[in-house]
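Colleague: based on what follows, work out the 3D shape:
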Amino acid sequence: MLSAVPVAARADFQVSAVACHSDHRRWSSPEVCGGFRVVLVRRGRFRRLAAGKATDLDASLGYLGTPGEEESFAHPSGGDHCTSITVTPRLWYSLAGEERRAATGALYVDPPLDLAHRRLLAAARSGDVDYATSEELLTLLATAVARPAPGATPAGRDRALVAAAREAITAGHPASTTLFSLAELLGASPYRLSRAFPRELGVSVTHYRHRVRIGRALDRLEAGEASLSTLAADLGYADQAHLTRTLRHHLGHTPTALR
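Modeller: A predicted model of the protein is given here:
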């Protein structure tokens, strides 16, 4: 079952909260994308098939859609909750430029883009669509369209390897605490794993692990976490100072400021 609830809308854009409560491995019937879209996952995961390429999507990997693009979806791991942002060609081109007319495909959601997504949703809850929400939306869109697409797709076995590594890191598997133990869990050499990640996602496995941990930190801060020392320990940082340095480096703000 699919539901889409408008969160904020004006003539040039619509932001919707999309929830899919499905559990199926087979691809859905093809759909045609009706406009320029940025889709970011808030919770859960699903798969998208477009232009002959399947992509595993979760909070770390969203996608850009363009008008007339045919796409199918599968939900092998249950449902998901996403934010779908549809914009007019005029707004899209004002941010992306004419050279990005055909921009499409996977979108790596690094910590700044993740934070922009959260700030947009917070602004939408304030009810100020014409200024606060619009301003955060423009920041998010400008960040998203400037992102280079992930690297060239590697061999099929490496694509599956990266997908399995992403799942282990996201799930917090005990073996994901080090690169060597993660590679051993997946039956691959550490070198092969570290080389495959940039080809598939455009970032290193180290960067990806940072992104997942920072996302968890933002979740906890958004939920009102009171103890930064507890948060740091739970996420595997050496101490509160280490957590603070990491968030300041990636997001430009301390945990206290983000909270």
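
Colleague: and D110, how far from L228?
Modeller: If you measure D110 against L228 using C-beta to C-beta, to the nearest Å, the figure is 22 Å. Glycine gets a C-beta too; all of them are placed from N, C-alpha and C.

Colleague: can I get stretch 20-32 in PDB, CA atoms only?
Modeller: What follows is stretch 20-32 as a C-alpha-only set of coordinates in PDB (Å, rounded to 0.1, in the frame of the first residue of the first chain):
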ATOM      1  CA  CYS A  20       5.100   2.300   1.200                       C
ATOM      2  CA  HIS A  21       3.900  -0.700   3.300                       C
ATOM      3  CA  SER A  22       4.900  -3.400   0.900                       C
ATOM      4  CA  ASP A  23       7.100  -6.500   0.900                       C
ATOM      5  CA  HIS A  24       7.800  -7.900  -2.500                       C
ATOM      6  CA  ARG A  25      11.000  -8.800  -4.400                       C
ATOM      7  CA  ARG A  26       9.400  -8.600  -7.900                       C
ATOM      8  CA  TRP A  27       9.500  -5.400  -9.800                       C
ATOM      9  CA  SER A  28       6.300  -3.300 -10.000                       C
ATOM     10  CA  SER A  29       4.800  -2.400 -13.300                       C
ATOM     11  CA  PRO A  30       6.700   0.400 -15.000                       C
ATOM     12  CA  GLU A  31       5.700   4.000 -14.100                       C
ATOM     13  CA  VAL A  32       6.500   7.200 -15.900                       C
END
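
Colleague: how far is that stretch from where the chain is centred?
Modeller: Taking C-alpha atoms, centre = their mean, to the nearest Å, the mean C-alpha location of stretch 20-32 is offset from the chain mean by 20 Å.

Colleague: next: stretch 85-97.
Modeller: Taking the mean of its C-alpha atoms, stretch 85-97 sits 20 Å from the chain's own mean (C-alpha atoms, centre = their mean).

Colleague: which residues touch it?
Modeller: For stretch 85-97, contacts defined as C-beta atoms under 8 Å, 6 or more residues apart in numbering pick out 11-16, 34-40, 67, 100-101, 103, 137-138, 140-142, 145.
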